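Participant: Structure for the following, please:
(4 chains)
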Protein chains: 2
Amino acid sequence: MIDPEKRYQALLAKLKAHGARITSHRLALLRLLSVSEDHPDASKIYNQLRIQFPTISLATVYKTLHLLKQEGEVLEIPLQNGAHFDGRKPYPHPHMICTKCGKILDGDKLTFPEVANREIQNKLNFEVANSQLVFYGVCGQCH
Amino acid sequence: MIDPEKRYQALLAKLKAHGARITSHRLALLRLLSVSEDHPDASKIYNQLRIQFPTISLATVYKTLHLLKQEGEVLEIPLQNGAHFDGRKPYPHPHMICTKCGKILDGDKLTFPEVANREIQNKLNFEVANSQLVFYGVCGQCH
DNA sequence: CTACTTGCAAAGCCTTTGCAAACTA
DNA sequence: TAGTTTGCAAAGGCTTTGCAAGTAG
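Facilitator: Numbering: from 1, shown residues only, chains lettered A, B, ... in the order given. Next up is the predicted model:
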């Protein structure tokens, strides 16, 4: 499990180390990311932050997400209808999307990516650096 | 290996069975799809077809691709910078994208997706119906 | 004070849609 | 002829960018 407070501190430390300015909007975004288990998209983050900061703009959300992505602290999950973001587990991992309820499950404990990378290396002579693995189907609750 | 002529005939038969009208633009698009091993995007298809049909529009390309997708005869590969299409192997399969030369390799002979689906089913109780598996890295030629 | 950050509006991409004209069957 | 398909232009959704005003350090 990830401790939201620890994650928040880690994100904050990274921003500071990078020399970025610490604004209230950024702090709120870090807080939101460190708590969110649901892989929000930019628009959802924007709407959440707007509750506390009515003047915040979507552009600021995108800019800050971009910054965190560059620092390797946010994982972008590009889907057909826009990108979703994971600020708790910023390393590539499989995602399972339930086509009934829309939930996005994490597959960070699955071991098949290693099998995949090995097979791709051996059979295709292709050196995998990164991957984007999305599975669509029905989750246990919906089934 | 896929025989382009056979694939072309199969696509054509499917269109006819669907009751769609056979236009010269559609024939040219089918021909192009059945020959293309490089997973073109809509814009590339459009530019190729424009050589022979200078008045064809991008909208027509999208509409015809949509039709073929619905018939299950074209696979859409959604990437960050737009969708690419595979009209030769319209079933889901992994793709390897070389970050040096941009080539998109097919992984339709790889076996790990079965391992993946089984692991996801067993560990997460999630029933996979579909998947979109993209690996980024360096291909043999570029390495 | 200086440089970074913000909000706004505009623009960029890719894709879809509405509609009258053209065309297939 | 009837109904589909086409090209065009406009609009849609998501994301980025330019810039003047605001703010952190």
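Participant: The residue positioned nearest the centre of chain A bridge partners, please.
Facilitator: Nearest residue to the geometric centre of chain A (CA atoms, centre = their mean): residue A:86, 1.4 Å. As for beta bridges, residue A:86 partners with residue A:75 under DSSP bridges.
Participant: So it versus residue A:99, what's the distance?
Facilitator: Residue A:86 sits 20 Å away from residue A:99, going by CB to CB, to the nearest Å. For glycine as for every other residue, the C-beta is placed from the backbone atoms N, C-alpha and C.
Participant: Identify the residues contacting residue A:27.
Facilitator: residue A:12 (CB atoms under 8 Å, 6 or more residues apart in numbering or on different chains).
Participant: list the buried ones in the strand ranked longest in chain A?
Facilitator: Taking DSSP state E as the criterion, chain A has its longest strand at strand A:127-138. Residues of strand A:127-138 classed as buried by neighbour count (16 or more other CB atoms under 10 Å in any protein chain shown): A:127, A:128, A:131, A:132, A:133, A:134, A:135, A:136, A:137, A:138.
Participant: Out of those residues, which is nearest to residue B:109?
Facilitator: Comparing those against residue B:109 with CB to CB places residue A:128 closest, at 16.2 Å.
Participant: can I assume the closest one is in contact with residue B:139?
Facilitator: No. With contact defined as CB atoms under 8 Å, residue A:128 does not reach residue B:139; the gap is 10.6 Å.
Participant: which residues are common contacts for these two?
Facilitator: residue B:96.
Participant: Helix or strand: which one has the residue lying farthest from the centre of chain A?
Facilitator: Of all residues in chain A, residue A:123 has its C-alpha farthest from the mean position, at 30.8 Å, by CA atoms, centre = their mean. Using DSSP states H and E, residue A:123 maps to helix A:112-124.
Participant: Residue A:10 now?
Facilitator: helix A:4-17.
Participant: Close to DNA strand C: what parts of chain A are there?
Facilitator: Applying CB under 7 Å from any atom of the strand, we find that chain A lies next to DNA strand C at A:20-21, A:23, A:25-26, A:53, A:55-57, A:59-60, A:63-64.
Participant: Where neighbours are concerned, which of these has the most?
Facilitator: For the residues of chain A next to DNA strand C, the largest neighbour count, defined by other CB atoms under 10 Å in any protein chain shown, is 24 neighbours, found at residue A:64.
Participant: Give me the contact list for the helix or strand where that residue lies.
Facilitator: Residue A:64 belongs to helix A:58-70 when assigned by DSSP H and E. Applying CB under 8 Å, 6+ apart, the set of residues contacting helix A:58-70 from outside is A:11, A:14-15, A:18, A:20, A:25-26, A:29, A:33, A:42-43, A:45-46, A:49, A:74-76, A:85, A:87.
Participant: one more time with 10 Å
Facilitator: A:11, A:14-15, A:18, A:20, A:23, A:25-26, A:28-30, A:32-33, A:41-50, A:53, A:56-57, A:73-76, A:83, A:85, A:87, A:90 (CB atoms under 10 Å, 6 or more residues apart in numbering or on different chains).
Participant: Are that helix and DNA strand D in contact anywhere?
Facilitator: Yes. Judged by CB under 7 Å from any atom of the strand, helix A:58-70 and DNA strand D are in contact via A:58, A:59, A:62, A:63, A:66.
Participant: closest to DNA strand C among the residues you listed?
Facilitator: residue A:59 (3.5 Å; CB to the nearest atom of the strand).
Participant: Which pLDDT value belongs to the closest one?
Facilitator: pLDDT recorded at residue A:59 is 98.
Participant: Check the one 5 residues further on too.
Facilitator: The predicted structure scores residue A:64 at 98 on the pLDDT scale.
Participant: State the distance spanning the first to the last residue of stretch A:47-58.
Facilitator: Stretch A:47-58 stretches 9 Å from its first residue to its last (CA to CA, to the nearest Å).
Participant: in chain A, which ranges drop under the pLDDT threshold?
Facilitator: Counting by pLDDT under 70, chain A contains no low-confidence residues.
Participant: Any residues of it in contact with DNA strand D? List them.
Facilitator: A:21-24, A:41-43, A:58-59, A:62-63, A:66, A:81-83.
Participant: Can you flag the buried ones in those?
Facilitator: Buried among these (16+ other CB under 10 Å): A:41, A:42, A:83.
Participant: Can you add distance to residue B:94 and give those residues back as CSV?
Facilitator: Shown next, in CSV, are these (distance: CB to CB, whole Å):
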residue, distance to residue B:94
A:41, 25
A:42, 28
A:83, 21
